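>>> Sequence and computational prediction follow.
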Amino acid sequence: MIFFGIDNQTVELEITGYQFPEITVAEFESDDNWLNISLNVKSNFGNWSTVYPSLTTSDVEKLINWFDTLSKNVQPARTCLSFIEPNLFFELFNEFDSDKKMIRINFDLEFRPPYVTLIDLDKEYYVDIRPDNLELKKIAIELKKELDKYPDRKPLGI
């Protein structure tokens, strides 16, 4: 799915598979549901692509719910949504019931541009998007379609 940002910036996010595709039944609830996330970023900071196992199936579900909640003008539990791996996080910068939401997609660690040097480690890398409620609902639906290809693998006995 593609997030369309301001100033013609884009973030293409795709789930490309499980980190460990050979596992068919989870051995450990959290370890076996890591997903490889592919990003293709075109931003004011430059353009880059990367793939890294940075979200779990439950992380993507939280992201879907966060966008769905915002699409209904309901206040989310948190205005900043982060995950176990701090590579990617989303921040709401205006009111939850605004006609258009100001959301920042932040990139850190493995999701930073590959040309980042030690000097630039404190610099922030992000793309701002301003979706309306219809666009937020579409984002939630598109993320759900991505996640449906990779269901949560539950350990035996659960």
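Perfect, thanks for sending it.

>>> rest of the way, CA atoms for contacts and neighbours
Noted.

>>> Tell me where the model's unsure across the protein.
Regions of the chain meeting the criterion pLDDT under 70 cover residues 24-30, 117-120, 155-158.

>>> which stretches of it form helices?
Remark: helices of the chain, listed N- to C-terminal, are 57-71, 133-148; assignment by DSSP state H.

>>> and D108, which of the ones you listed is closest to it?
Nearest to D108 among those is helix 57-71; the distance by CA to CA comes to 16.4 Å.

>>> which of the helices of the chain sits most buried?
Stretch with highest mean neighbour count among the helices of the chain: helix 57-71 (a mean of 20; mean count of other CA atoms under 10 Å).

>>> What is it packed up against?
Counting by 3 or more CA pairs under 8 Å, 6 or more residues apart in numbering; DSSP states H and E, the packing neighbours recorded for helix 57-71 are helix 133-148.

>>> quick one, the helix it packs on and helix 57-71 angle?
Angle between the axes of helix 133-148 and helix 57-71 is 160 degrees (criterion: axes from the mean of the first three to the mean of the last three CA atoms, to 10 degrees).

>>> who's in contact with the residue nearest to R130 when sequence neighbours are not counted?
With CA to CA, 6 or more residues apart in numbering as the criterion, R130 has its nearest non-adjacent residue at 4.8 Å, and that residue is M102. M102 makes contact with L92, F93, N94, D128, I129, R130, P131, according to CA atoms under 8 Å, 6 or more residues apart in numbering.

>>> Ok, E124 next?
N106, F107, D108.

>>> In TSV: those, plus neighbour count.
Putting the contacts of E124 into TSV (neighbours: other CA atoms under 10 Å) gives the following:
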residue	neighbour count
N106	19
F107	20
D108	18
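
>>> circling back: name only those of the contacts of M102 that count as buried.
Among these, those classed as buried by neighbour count (16 or more other CA atoms under 10 Å) are L92, D128, I129, R130, P131.

>>> Sort out which one of those lies nearest K42 for me.
So of the buried ones among the contacts of M102, ranked by how close each gets to K42 (CA to CA), first place is D128, at 11.6 Å.

>>> wait, doesn't that closest one sit right on N94?
No. The pair D128 and N94 fails to qualify as a contact (CA atoms under 8 Å) at a distance of 12.0 Å.
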